[in-house]
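# Predicted model and sequence below, questions to follow.
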Amino acid sequence: GPSLYPPTTGAPRPSPMQGPPLPGQTVAGPPASQPNHVSSPPPPSTMSGPHPGPPPMSGLHGPPPPTHPPQPGYQMQQNGSFGQARGPQPSYGGAYPGSPNYGSQPGPPPPPKRLDPDSIPSPIQVIEDDRSNRGSEPFVTGVRGQVPPLVTTNFLVKDQGNASPRYIRCTSYNIPCTSDMAKQSQVPLAAVIKPLATLPPEEALPYLVDHGESGPVRCNRCKAYMCPFMQFIEGGRRFQCCFCSCVTEVPPHYFQHLDHTGKRVDFYDRPELSLGSYEFLATVDYCKNNKFPSPPAFIFMIDVSYNAVKSGLVRLICEELKSLLDYLPREGNMEESAIRVGFVTYNKVLHFYNVKSSLAQPQMMVVSDVADMFVPLLDGFLVNVNESRTVIASLLDQIPEMFADTRETETVFAPVIQAGLEALKAAECAGKLFIFHTSLPIAEAPGKLKNRDDKKLINTDKEKTLFQPQTSFYNNLAKDCVAQGCCVDLFLFPNQYLDVATLGVVTYQTGGSIYKYAYFQLETDQDRFLNDLRRDVQKEVGFDAVMRVRTSTGIRATDFFGAFYMSNTTDVEMAGLDCDKTITVEFKHDDKLSEDSGALLQCALLYTSCAGQRRLRIHNLSLNCCTQLADLYRNCETDTLINYLAKYAYRGVLNSPVKTVRDALINQCAQILACYRKNCASPSSAGQLILPECMKLLPVYLNCVLKSDVLQPGPEVTTDDRAYIRQLVTSMDVAETNVFFYPRLLPLTKADVDSDSLPAAIRNSEERLSKGDIYLLENGLNIFVWVGVNVQQGLIQNLFGVSSFSQISNALSTLPVLENPFSKKVRSIVDMLQVQRSRYMKLIIVKQEDKLEMLFKHFLVEDKSLCGGASYVDFLCHMHKEIRQLLS
């Protein structure tokens, strides 16, 4: 076959007069002035026969290009200067730049050099370019099929008829008209939907529309909700559905005249006609058993076994709850929260507490028959915080004392969930269980587990069993929880194997969250735990939720990823859905689409608010459709694509060997890029790797997914870690997967102490670190502060309050509060990053050449990893080879 190295002769060097190359063709970036996503003239496509003359180019000055095809992309100006490339990045001048080529001398080609890391696409550069190109203007959603700015760009959204990218992001905003074309490109068509996303304060919350008794106006046939894309006809008396084309009578109370353009004259006064996202107040028909719901309840269930008490955890939780209960979520204008609370403690048996406001002291009731779980009291278990304040305070003071001398080490788990579920059933409401749990539940009880952890299964066909629950008991329990609207949040504090894959099943299928604090220690971990708990208790949650995604004719939703339960093929059911959770939906063609009408999606979420109000939240999005592959490749969003591919792969490990999953990922991405090369790029030497402009980071990000703990664990990664990460990633939004797979690395010593801005990020590679500097790396779960061995003593003094490198303690979990500009700046950076993430990140101090450095290096994702993961440079070459094999 052809050699991997490019020919070093015969490639004409572009003269400066040639004009810009075709947009989006090689590894090179576009001219600096061109934002990452604007649509530029299409590259020549081989689908529509030969093009007459050279393809159109943007901004050509000077003489027309020569008649031989211009070299795509920027050739490397091979003068030996491989400095940090700014602005447009040079492509590889071939796959590996050879030596300068003066004319075509005969003789053997010189040996190839190693690919220069500065000459390959840089995530940092792409992120910076998008910020400078798209960060200053608001993103106005009035136009169909617009690709939003990257998740790493700060921008304002103005809803003018399509849902904000904060609610929905797509892998492509221009989708193929036919399934053949979609199959050919292998680009998955998916939407990552975050229905209850938190908006920045400058953006308006979705309006709540109340249509009274009659409820929202819907299509008779497909039941889609009234939205900006519905077409009013016959003077406004009927409307034609934009999803299924069925014509429906407009109800008399909803009638309105049309203006000369066919728009209703009340268009701007009605959110459902002019905005992409809005809410409807639901009528009683949308409620369980046809009656309006009661407000939800929160039940706190605390493990009081020996480990939990001894570590100080029980006392910490009780202390925190005393004040935290005043911050339960409440509806915008309400004085107090409508949520009622209850308390349970447990080890091998369960203790329920009566905290009725009329009692002088709380009463404890023990249920020791865990095989037949029931709630021993109805009245006084779930109470209003304000009414029962003194009884609750008294209980929370007493719990740590009552169990102070416990010797009980064993715990149960399933009966705890059953108890919470029974309590919610008895109270006829939905709600959330907050379970604080420390060990593998080995006590005799339903759902009892055994320790089945086995590192020897890694890289065998049985590895998948490590990700699967060890009993089906919890799947059945989850189903019952979802039916009641009982969501389970789990706080785990393991000192050894706990079987997250099994314990997490109910949490996962009810839409809950898992938090894990391995080897919990009060002094180092309490801040992180308390911050997580506070946010978890206070955040917006919808209960008893059902989500359905409707699409216009031609495509349909075929696959779903996330924390939920499905009893049929269309309804995504969640006992609870919070503001951080996403549901990822994949679409497939079931017919042809047309370029004229485009494609529409409507996500409808039915849920109960924290005050017990039944609501519908609607998000609409319109996409373009194309008959040319070039249009698809010009409107993709790589961060969303990676989010989808990671979730797809992480689900794959449940049923297939990890190696099979990894190979399938590599193969799919090679096919995506080979299809582009074959159909959209102008002809060039086989030695050149040519990437679509908006997918030039696909290889580096894909490599990060392949090297992640789930797909390629290092020796220190536990089975529980992998199960935990697998579940976590499945509900992540695009911003979270972006920083999780390619962490943010900031040079702290370069920070300007007088400004609010962050120092410019650098690439995730050891060769970018200097021994004299201090760096911060964050990935959404951890923050590492790496200190080089040669850092000036003054900086060490200012940041750590000690006089030398050797005195820095790596046991610190927070930076000391010191009154100097550098300390203040670094702490403000840490605080700023913490606020941006949905979990409180663990701070880890890493001294260069220290034992913790191995852990830190694991996150330098452009480098080779210890457990066999490829470096970015090597992986790019491997992808190039795969693409060439597909093309030959």
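Right, received. Where do you want to start? Worth saying up front: this structure is predicted, and the values here are computed from it rather than measured.
# Could you pull out the strands in the stretch 101-250 of the chain for me?
139-140, 157-158, 168-170, 174-176, 189-193, 208-209, 231-233, 238-240, 247-249 (DSSP state E, counting those that start in this stretch).
# Partner strands of the third one, with direction?
According to DSSP bridges, the neighbouring strands of strand 168-170, each with its direction, are strand 189-193 (antiparallel).
# chain center to the strand it pairs with: distance?
Averaged C-alpha coordinates place strand 189-193 at 11 Å from its chain's average position (Cα atoms, centre = their mean, to the nearest Å).
# now stretch 517-532
Taking Cα atoms, centre = their mean, one finds stretch 517-532 lying 24 Å from the centre of the chain it belongs to.
# which other residues reach that stretch?
311-313, 316, 320, 491-495, 515, 718, 720-721, 811, 813-814, 834, 839-842 (Cβ atoms under 8 Å, 6 or more residues apart in numbering). C-beta coordinates here come from the backbone N, C-alpha and C atoms, glycine included.
# Write a PyMOL command that selects only the buried members of these.
Listed next is the PyMOL selection for buried residues among these, using 16 or more other Cβ atoms under 10 Å:
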select buried, resi 311+312+313+316+320+491+492+493+494+515+718+720+721+834+839+840+841
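# Among the contacts of stretch 517-532, which are located in helices?
Among the contacts of stretch 517-532, DSSP state H puts 313, 316, 320, 720-721, 834 in helices.
# for those, which one is nearest residue 402?
Comparing the ones in helices among the contacts of stretch 517-532 against residue 402 with Cβ to Cβ places residue 313 closest, at 14.8 Å.
# What distance do you get for the closest residue to residue 713 other than its chain neighbours to residue 642?
Leaving out its chain neighbours, the residue that sits closest to residue 713 by Cβ to Cβ, 6 or more residues apart in numbering is residue 722, at 5.9 Å. Remark: distance between residue 722 and residue 642 (Cβ to Cβ, to the nearest Å) = 19 Å.
# care to break this protein down by domain?
Here the domain assignment for the chain is 297-539, 642-739, 743-860, based on the TED database.
# Pick the most deeply packed of these.
Highest mean neighbour count of the domains of the chain: domain 642-739, a mean of 21 (counted as mean count of other Cβ atoms under 10 Å).
# tell me how far the ends of that domain are from each other?
12 Å (Cα to Cα, to the nearest Å).
# pLDDT on it, on average?
Averaged across domain 642-739, pLDDT comes to 95.
# So what's the gap between that domain and the chain middle?
Centre to centre, stretch against its chain (Cα atoms, centre = their mean), the figure for domain 642-739 is 14 Å.
# With stretch 563-579 instead?
Per Cα atoms, centre = their mean, the centroid offset for stretch 563-579 relative to its chain is 17 Å.
# what does stretch 756-774 give?
25 Å.
# what does stretch 385-398 give?
38 Å.
# among the strands of the stretch 101-250 of the chain, which is the most enclosed?
strand 168-170 (a mean of 27).
# avg pLDDT for it?
Mean predicted confidence for strand 168-170 is 98.
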